[in-house]
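Trainee: Whatever this is, show me its structure:
(2 chains)
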Amino acid sequence: MTPPLALTALPQEQVATTPNPGGNALLDLVNKIGPPEWIPDWIVALHAVGAGVGILIGIVSLIAMYSVWMERKVSGHMQCRLGPMYAGGWHGWAQTIADGVKLLMKEDMIPTGADRVLFIIAPGIVLASIFGALVAFPISYDFYFARMDLGIFMILALGSTTTIGVIMAGWASNSKWSLYGAMREAAQVIAYEIPLGLALMAPLITLGTFSLLDASALQSDWFGMKWAIFTNPANLPAFVIFWIAALAETKRAPFDLPEAESELVAGFLTEYSGIRWSFFFMEEYAAMFLMSVIAAMFWFGGFESPATWALRSAGVEGGIFFGAVCFVTLVIKAFAGVFLMMWLRWTLPRVRIDQVMTMGYKYLTPLALLCVLIAAVSEAVKSLLF
Amino acid sequence: MVEQTQEYKPSIQPSEEGRVLPSGEREFFFDVSTSDLEVNMGPQHPATHGVMRVLLRTDGELVTGAQPHLGYLHRGAEKIGENVEWLQYLPYTDRYDYLAAMNNNLGYSLAVEALMPGLEIPRRATLIRTICAELNRIASHLIAFGTYGLDIGAFTPFFYAFREREWIQALFEKICGARLTYSYIRIGGVFNEAPPGWLKEVEHFCDVFEEKWKEYYDLLALNHIFVMRTKDIGVITPEMAYDFGLTGPMLRGSGIDFDLRRDMPYMDYTEIWEAGAYQIPLGSGEKGTLGDCWDRFDVRVKEMIESIKIVRYCLGVIEPGPVLGDVPKVIKVPPGEAYVGIENPRGELGHYSHSDGGKVAVRCRVRGPSFVNLAVLEDLMPGTLLADSVAIIGSTDIVVGETDR
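Mentor: Modelled structure (predicted):
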């Protein structure tokens, strides 16, 4: 069992070279309690992992559900409406639950002439890949599903796997509009993966780590405000590029071309209904949250804020209360990002496919490369000066 | 998987003149011929503003051909006009351009009144007619503004436009009890007197709307993405506009200065024009080419503020008096034929009425601006992208109830 990273003690060089065996906080916990001798190890491990998966799915579903509710409220208030007001009593808080129940009870329809197998597994692939990516999302310093040195790498790899599911859905639907949507998604994701990854390089160079937990721990100075966005001049433009690319990756307006409802009816979602449709929807909101978590972790201090700094200087470190503060800090930051995405969606018109391509290849990619260069040079200068 | 219009057989075979490569293999000749994809845009498509169908021929995202199909909302409105009495036909006119019912009532009433030389229209009735027609023009253009935003992908302006339109509808509800199909302007004047304080409320609306209008203009019309999406798209040259017989904002978007309110005046529009109360906005190619989608949109949005000016002028000169001329319960129109064209929000709405002196029209013909303006689609759409074709359909601002009647 690895002890959680000592937050303030480790200088940067040491963090980068500390061997990290990886692990699962639940498994560590079970091992610490010490299960009876006669239970085989693999059963213990399996249960720990199963519990982890359950918690993960629960948290992510809850987040996705409340992102949907939040989107409806945000869009409502931006458009001089109220949004849902009745379900559950207080400001329609149970609206999404009611919708979920309705979607579950709907008839399971597969259009004639659809490729049944692909049509059925496509939503599964989409949802599985986004949940897989969220495995790297830590709840707090002490509680994580998987401790990975290359966490961000895994998030990006699994996050872009959703595209395969979308293309599959578009192809299998046997609808021309769906096919258009799928083709647009493929073109768009390929164009924006590159600036997304490159823009992320700037804070990675600044922080010197691929691990989400380490990245957060490294931003704990300056009263919890030594966020990467303040420590390197390249990080702010890199964040803007990352954000634009993240909008394109998550198919959010102004880049919602794959499901452009005024052009393609509903794009790749045209033939989907009921619970399968809600899988795509859940993926969209989980992906939004994931992108916001990445932004929060690598640009905006992760778990670190003046609140965590105050707790730490008061000697409260580790334990459930500190973990909860960490989690709340991260979730607030992430939901600020989600709100920004919603704000943009309900303000901007949609761009055209050739403009999307031009922007991705001609402007964002070179600019992201420039950001990487500036970040590297300024880091080198910093290490020479200080 | 996707239906092909022509038979499609990819064949991979050694070509006749294929070289033998140094490795000993024969060079292959790939005969992969692909045909264009035919897509039905509509009748249930969000971008067709109702139940129009456009048969698109596409090569990937590129539209290579487009053909609008009509008739999904055909109700035989003109034929009904030959079977019901003059006044009974008035509610049917509400239903062809259902976004500008006041203007339809007005056009029909004027066409019938043209056959009744003895009928005096009171001045107050004329002014209330003008106010209602112009308010309805604003409401109609607000829909055009909002739905064009929807076509381009911006949702929020639509709701703002609806908020203001709701206000206009509330005003109409107060004056005639209906929110969409008014039947308020009728042969001989208007149906009833405006309720007390109504004119004050209209003035208040004008004050608020002028403020809001600026916000909307900045939010949508000057939005960079919006401008990029609509400039240089769907360019109608002035010659084309003449050739297709376009009217209304479609024509003025191409820079042709022609407005029936000024050039073929009816009611008291000459007086308002001579008083300098309003201008006629024209497309100027400000953001791109003259006659592109942005110009047409811009003309519509600016017309709203000109309508406000007309309403203000009318509010300034209106005086108490009767609102309905001396019309019998059952109208008998003297024999004759008349054509009156008025400036509908979408262009020239012409009513041709032919009477043989009886209670029922012999012929009741309508020239719908949407129907005529729609014809240009077939020429505009080929060579654009799929998203542009939606922008072009939106910029024609058709109402399907009117194209089919």
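Trainee: Look at residue 367 and report its pLDDT.
Mentor: Using chain A. We have a pLDDT of 92 for residue A:367.
Trainee: could you do chain B instead?
Mentor: Residue B:367 is assigned a pLDDT of 88 by the prediction.
Trainee: Report the spatially nearest residue to it, omitting neighbours in sequence.
Mentor: Spatial nearest neighbour of residue B:367, excluding adjacent residues (CB to CB, 6 or more residues apart in numbering or on different chains): residue B:350 at 3.4 Å. Any C-beta I mention is one placed from the backbone N, CA and C, and that applies to glycine too.
Trainee: Please look at residue B:287 and residue B:227 and confirm they touch.
Mentor: Yes. Using CB atoms under 8 Å, residue B:287 is in contact with residue B:227, at 5.1 Å.
Trainee: quick one: contacts for residue 127?
Mentor: Unless you meant another one, I'm taking chain A. A:165, A:279, A:282-283 (CB atoms under 8 Å, 6 or more residues apart in numbering or on different chains).
Trainee: think we crossed wires, I meant chain B
Mentor: If you count contacts by CB under 8 Å, 6+ apart, residue B:127 has them with B:268, B:314, B:317-318.
Trainee: pLDDT-wise, which helix or strand of chain B ranks last?
Mentor: Lowest on mean pLDDT, DSSP states H and E among the helices and strands of chain B sits strand B:11-14, with a mean of 52.
Trainee: Residue B:60 and chain A, how far apart?
Mentor: According to CB to the nearest CB, to the nearest Å, residue B:60 and chain A sit 8 Å apart.
Trainee: next one: residue B:210
Mentor: Separation of residue B:210 from chain A (CB to the nearest CB): 19 Å.
Trainee: I'd say that residue and residue B:306 touch.
Mentor: No. Between residue B:210 and residue B:306 there is no contact under CB under 8 Å: 11.5 Å.
Trainee: So which of the two has more stuff around it?
Mentor: residue B:306 (19 against 14; other CB atoms under 10 Å in any protein chain shown).
Trainee: Tell me who's in contact with the more buried one.
Mentor: By CB under 8 Å, 6+ apart, the contact set of residue B:306 is B:278-281.
Trainee: rewinding a little: wasn't the residue nearest to residue B:367 part of a strand?
Mentor: Yes. Looking at residue B:350 with DSSP: H, G, I helix; E, B strand; the rest coil, it is inside a strand.
Trainee: Count the neighbours of it for me.
Mentor: Counted with other CB under 10 Å, residue B:350 comes out at 20.
Trainee: Return the distance of it relative to residue A:98.
Mentor: Computed as CB to CB, to the nearest Å, the residue B:350 to residue A:98 distance reads 52 Å.
Trainee: what about residue B:342, which SS state?
Mentor: Here residue B:342 is recorded as strand under three-state DSSP.
Trainee: my guess is it meets residue B:260, correct?
Mentor: Yes. Applying CB under 8 Å, one finds residue B:342 in contact with residue B:260, separated by 6.2 Å.
Trainee: what sits in contact with each of those two?
Mentor: When contacts are counted by CB under 8 Å, 6+ apart, residue B:342 and residue B:260 have B:266, B:348 as shared neighbours.
Trainee: Which of those two has more residues huddled nearby?
Mentor: Comparing residue B:342 with residue B:260 by other CB under 10 Å, the one with more neighbours is residue B:342, at 23 against 20.
Trainee: Which residue, neighbours along the chain excluded, lies closest to the more buried one?
Mentor: Excluding the flanking residues, the one nearest residue B:342 by CB to CB, 6+ apart is residue B:107, at 4.5 Å.
Trainee: who in the stretch 251-386 of chain A is up against chain B?
Mentor: By CB under 8 Å from any CB of the partner chain, the part of the stretch 251-386 of chain A that sits against chain B consists of A:253-254, A:256-257, A:260-265, A:346-355.
Trainee: Turn the buried ones among these into a named ChimeraX selection, would you?
Mentor: Command for ChimeraX, covering only those of these found buried under the criterion 16 or more other CB atoms under 10 Å in any protein chain shown:
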select /A:253,254,256,257,260,261,262,263,264,265,346,347,348,349,350,351,352,353,355
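Trainee: Please list the residues of chain B that sit near chain A.
Mentor: Going by CB under 8 Å from any CB, the residues of chain B near chain A are B:1-2, B:37, B:39, B:45-47, B:60-61, B:149-156, B:158-160, B:163, B:219-220, B:223, B:225-226, B:228-229, B:385-388, B:390.
Trainee: Out of these, name the ones that lie in helices.
Mentor: If you go by DSSP state H, those have B:149-152, B:156, B:158-160, B:163, B:225-226, B:228-229, B:386-388, B:390 in helices.
Trainee: Now residue B:191. Nearest residue, chain neighbours left out?
Mentor: residue B:184 (5.1 Å).
Trainee: got it, and residue A:361?
Mentor: Per CB to CB, 6+ apart, closest to residue A:361 is residue A:191, 5.9 Å.
Trainee: and that neighbour, which of the three is it?
Mentor: Going by three-state DSSP: residue A:191 is helix.
Trainee: I'd say it and residue A:363 touch.
Mentor: No. The pair residue A:191 / residue A:363 is not scored as a contact, 11.1 Å apart, by CB under 8 Å.
Trainee: anything in contact with each of these two?
Mentor: Listed as contacting both residue A:191 and residue A:363 by CB under 8 Å, 6+ apart is no residue at all.
Trainee: Compare neighbour counts for the two and give me the winner.
Mentor: Neighbour count, other CB under 10 Å: between residue A:191 and residue A:363, residue A:191 has more, with 20 against 13.
Trainee: so which residue of chain A comes closest to chain B?
Mentor: Nearest to chain B in chain A, going by CB to the nearest CB, is residue A:350, at a distance of 2.6 Å.
Trainee: Can you report how many residues neighbour the closest residue to that residue other than its chain neighbours?
Mentor: Closest residue to residue A:350 apart from its sequence neighbours, by CB to CB, 6+ apart: residue B:153 at 2.6 Å. The tally of other residues near residue B:153 (other CB under 10 Å) stands at 27.
Trainee: pLDDT score assigned to residue B:34?
Mentor: Per-residue pLDDT puts residue B:34 at 66.
Trainee: Report the contact partners of residue B:292.
Mentor: B:230-235, B:253, B:285.
Trainee: Return the members of these classed as buried.
Mentor: By neighbour count, with 16+ other CB under 10 Å, the contacts of residue B:292 hold B:230-231, B:233-235, B:253, B:285 as buried.
Trainee: List of residues touching stretch B:227-240?
Mentor: A:349-352, A:355, B:152, B:221, B:244, B:246, B:250, B:253-256, B:287-294, B:296-297, B:376, B:379-381, B:384, B:387-388, B:391-392, B:395.
Trainee: Can you flag which of the residues you listed belong to helices?
Mentor: Counting by DSSP H, these contribute A:355, B:152, B:250, B:293-294, B:296-297, B:379-380, B:387-388, B:391-392, B:395 to helices.
Trainee: from those residues, which single one is nearest residue A:116?
Mentor: If you rank the ones in helices among the contacts of stretch B:227-240 by distance to residue A:116 using CB to CB, residue B:387 comes first, at 31.3 Å.
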